[in-house]
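J.: How does the following fold in three dimensions:
(one chain, ligands or ions: 1)
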Amino acid sequence: MPTVSHWINGQDVPTDAGTRLGDIMNPATGRVAGQVALASRATVESAIASAAEAFPAWRDTSLSRRTAILFNFRELLNARKQELAEIITAEHGKVVSDALGEVARGQEVVEFACGIAHQLKGGHTQNASTKIDVHSLRQPVGVSAIISPFNFPAMVPMWFFPVAIATGNAVVLKPSEKDPSAANWIAELWKEAGLPDGVFNVVHGDKEAVDTILESPEVASVSFVGSTPIAKYVYENGTATGKRVQALGGAKNHMMVLPDADLDLAADAAVNAGYGAAGERCMAISVVVAVESIADELVGKIAERTRTLRIGDGTTEPDMGPLVTEAHRDKVAGYIDAGEESGATLVLDGREHEHSEGFFLNPTLFDHVTPDMSIYTEEIFGPVLAVVRVPGYDEGIELINANPYGNGTAIFTNDGGAARRYENEIEVGMIGINVPIPVPVGYYSFGGWKNSLFGDTHAYGEEGVHFFTRGKVVTSRWLDPSHGGLNLGFPTND
Ligand code: NAD
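T.: The predicted structure follows:
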């Protein structure tokens with residue numbers, strides 16, 4: 001049985017008898033597929049030390065050399081993305097084409113980072129005062145830690161490390177222990193692309209690894225993505241030890257459908273964004289806010305489409321795969337129990353399915369959900385879609401703004417004025433207008449509001465460059481002996 005171990009200073013770290021191990025499951029079969037080493041404090045410290053040692057030389061490596069390595073990485077990734085997608089599917093369970101989509105989104109950030117020279121240009125002012133010039137520059141922060149969730153084992157790390165590395169930092173990645181193999185595959189690709197050893201390290205593990213990162217004086221920044229309670233914990237403890245921290249948390253994304261919307265388009269979007277990746281996406285739609293006058297028709301269209309979805313092993317290219325673990329599947333099923341008990345109308349019951357093995361649940365649709373029910377208040381992170389009916393537009397906006405999460409949202413309408421008002425008034429970080437999942441492209445930045453983000457910096461794009469660099473302003477005066485300056489012994493023309 002394969003054991004996934006850490007990658008420190010350009011090589012695999014062998015496990016020994018004392019290494020703590022966790023199981024890696026195949027969610028489609030429900031069987032153990034491998035094991036992952038769970039790092040001790042000492043192992044994490046050695047990864048941090050390796051990054052700290054590699055940092056100065058990498059910081060001082062020319063931009064053209066850094067960029068060349070990023071281009072190499074991009075080419076290798078593009079050529080071999082199928083391999084990575086299959087690794088993701090084997091451990092996460094998502095459909096292979098969806099895993100390929102995940103890699104493509106990560107690749108966009110690599111491509112953004114290939115143009116880092118442009119992003120790092122500073123400003124220059126000549127003669128700010130007489131013969132005094134001022135210029136600004138941005139420098140890397142140092143050792144940058146990334147702690148990522150299970151649901152995008154390749155894409156989420158790629159939200160951060162291309163920009164961190166391109167700006168001259170050295171990275172320690174702590175991926176989710178549930179699907180750890182993608183990170184090691186990526187580490188080997190960096191080596192092949194020519195990245196010096198120690199600039200990209202991977203440690204696998206759990207709370208012990210995370211706490212070691214948060215407490216280490218050598219770690220300058222932490223980029224975290226995961227559930228809201230852990231995001232808050234990482235933000236509070238990381239900043240308490242003086243680090244800069246961006247911690248992206250959970251979500252409860254609403255899709256508002258106005259009466260003038262194209263209901264077929266809206267129903268397609270609800271099904272894709274609600275059940276894609278079994279709802280295990282931070283940008284999944286989990287609540288459809290339907291204006292009462294079209295709610296019956298919309299629910300009918302969503303149900304009709306959902307019934308046609310094929311659920312199965314992600315390697316066989318169905319519409320939806322299993323959930324990541326048995327515990328998570330059971331937790332999501334528990335929410336379905338609670339929704340039924342609280343009086344919501346269960347239109348489609350995902351607990352009824354034909355899979356005898358693996359962590360499957362079929363898509364579930366609830367109608368007449370009210371904001372006090374746990375299926376509304378809590379992040380379910382599974383294939384469960386809740387329809388909340390509202391009398392009109394104002395009540396819809398009020399509902400969404402009262403929700404403690406603010407990651408993503410979508411509105412379906414053909415009224416430009418209504419969409420414009422939504423864009424202005426909704427308290428959410430990423431907004432889709434007649435599109436199901438509003439994930440920004442690599443040259444914009446990704447992040448939510450409220451309980452979906454702790455810290456003030458979003459991932460990648462310009463904000464990512466800002467996060468991984470610190471500003472300096474230089475004020476200089478160079479005396480010119482030929483024009484009445486100090487005579488410093490320079491040759492003059494006279
Ligand atoms: P999680 O919070 O359980 O784990 C995230 C990371 O934190 C993992 O690396 C894990 O090992 C570590 N961790 C877990 N428990 C810890 C603890 N007690 N102390 C310290 N570290 C701990 O999240 P998950 O289940 O892997 O991922 C799903 C969550 O991530 C969902 O809530 C989802 O909304 C969120 N997510 C958010 C975004 C976003 O952009 N906002 C993107 C993807 C996922």
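
J.: burial count for residue 424?
T.: Residue 424 is flanked by 8 other residues according to other CB atoms under 10 Å. Using the backbone N, CA and C atoms, a C-beta is placed for each residue, glycine as well.

J.: residues contacting it?
T.: Listed by CB atoms under 8 Å, 6 or more residues apart in numbering, the contact set of residue 424 is empty.

J.: Figure out how far the lengthiest helix in the chain is from the centre of its chain.
T.: Ranked by residue count, the top helix of the chain under DSSP state H comes out as helix 63-92. Distance of helix 63-92 from the chain centroid (CA atoms, centre = their mean, to the nearest Å) equals 17 Å.

J.: And it, what does it pack against?
T.: Counting contacts by 3 or more CB pairs under 8 Å, 6 or more residues apart in numbering; DSSP states H and E, helix 63-92 is packed against strand 20-26, helix 96-114, helix 116-119, helix 155-166, helix 181-193.

J.: Going by neighbour count, list what's buried in the shortest one.
T.: To tie it back to what came earlier, the one meant is helix 116-119. Along helix 116-119, these residues count as buried under the neighbour rule (16 or more other CB atoms under 10 Å): 116, 119.

J.: So which residues make contact with that helix?
T.: So helix 116-119 is contacted by 63, 64, 66, 67, 70, 163, 166, 167, 462, 465 (CB under 8 Å, 6+ apart).

J.: Test my guess that the fourth one contacts residue 114.
T.: Yes - taking contact to mean CB atoms under 8 Å, the distance of 6.2 Å between residue 67 and residue 114 places them in contact.

J.: quick one, what contacts the residue nearest the centre of the chain?
T.: For the chain, residue 156 is the residue whose C-alpha lies nearest the centre (CA atoms, centre = their mean; 3.6 Å). By CB under 8 Å, 6+ apart, residue 156 lies in contact with 148, 149, 225.

J.: would JSON lines of the helices and strands packed on helix 63-92 with distance to the ligand and mean pLDDT be doable?
T.: Listed next are those as JSON lines, based on distance: least, CB to the nearest ligand atom, whole Å; pLDDT from 0 to 100:
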{"stretch": "strand 20-26", "distance to the ligand": "10", "mean pLDDT": "97"}
{"stretch": "helix 96-114", "distance to the ligand": "11", "mean pLDDT": "98"}
{"stretch": "helix 116-119", "distance to the ligand": "22", "mean pLDDT": "97"}
{"stretch": "helix 155-166", "distance to the ligand": "6", "mean pLDDT": "98"}
{"stretch": "helix 181-193", "distance to the ligand": "10", "mean pLDDT": "98"}
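
J.: residues contacting residue 181?
T.: 4, 24, 34, 87, 90, 91, 153.

J.: what about stretch 274-288 and the ligand, any contact?
T.: Yes - contact of stretch 274-288 with the ligand (CB under 6 Å from any ligand atom) involves residue 282.

J.: again but with stretch 378-385, I slipped
T.: Yes - Stretch 378-385 reaches the ligand (CB under 6 Å from any ligand atom) through 379, 381.

J.: secondary structure element for whatever residue of the stretch 251-400 of the chain ends up closest to the ligand?
T.: Closest approach between the stretch 251-400 of the chain and the ligand, counting by CB to the nearest ligand atom: residue 282, at 3.0 Å. Residue 282 belongs to no helix or strand when assigned by DSSP states H and E.

J.: Can you give me the pLDDT of it?
T.: pLDDT recorded at residue 282 is 96.

J.: got a pLDDT number for the closest residue to it other than its chain neighbours?
T.: Using CB to CB, 6 or more residues apart in numbering and skipping the chain neighbours, the partner closest in space to residue 282 is residue 251 (4.9 Å). With respect to pLDDT, residue 251 scores 98.

J.: Pick out the residue in the stretch 1-150 of the chain sitting closest to the ligand.
T.: residue 149 (3.0 Å).

J.: May I have the residues that are in contact with that residue?
T.: 156, 176, 225, 226, 227, 282.

J.: and if you look at residue 225?
T.: Residue 225 neighbours (CB under 8 Å, 6+ apart): 147, 148, 149, 156, 159, 231, 247, 248, 282, 459.

J.: run the last query once more with 6 Å
T.: Each residue near residue 225 by CB atoms under 6 Å, 6 or more residues apart in numbering is listed here: 148, 149, 156, 248.

J.: Which of the residues you listed fall within helices?
T.: residue 156.

J.: In strands only, show me the contacts of residue 225.
T.: Using DSSP state E, the subset of these located in strands is residue 248.

J.: rewinding a little: distance check, the residue of the stretch 251-400 of the chain closest to the ligand against residue 379.
T.: 9 Å (CB to CB, to the nearest Å).

J.: of the two, who's got more company?
T.: Using other CB under 10 Å as the criterion, residue 282 and residue 379 rank with residue 282 on top: 27 against 21.

J.: Now for residue 408, how many residues are close by?
T.: 29.

J.: What helix or strand is residue 126 located in?
T.: Counting by DSSP H and E, residue 126 is part of strand 124-129.

J.: For the helix or strand following that strand, which strands pair with it and how are they oriented?
T.: Of the helices and strands lying after strand 124-129 in sequence (DSSP H and E), the nearest is strand 132-140. Applying DSSP bridges, strand 132-140 is found paired with strand 124-129 (antiparallel), strand 469-477 (antiparallel).

J.: So for residue 406, which of those sits nearest?
T.: Residue 406 sits nearest to strand 469-477 of all these, at 26.6 Å, using CB to CB.

J.: which of the residues in that closest one are buried?
T.: Neighbour-count burial for strand 469-477 [16+ other CB under 10 Å]: residue 469.

J.: contacts for it?
T.: 131, 132, 133, 134, 135, 136, 137, 138, 139, 140, 141, 167.

J.: now the angle between helix 155-166 and it, please.
T.: 20 degrees (axes from the mean of the first three to the mean of the last three CA atoms, to 10 degrees).

J.: can you give me phi and psi for the residue of the stretch 1-150 of the chain closest to the ligand?
T.: Backbone torsions for residue 149, taken as degrees, to the nearest 10, come to phi -90, psi 180.

J.: Let's see the pLDDT reported for it.
T.: Predicted confidence (pLDDT) for residue 149: 98.

J.: out of everything not next to it in sequence, what's closest to it?
T.: residue 226 (4.4 Å).

J.: Burial check on the one you found, number of neighbours?
T.: Neighbour count of residue 226, defined by other CB under 10 Å: 22.
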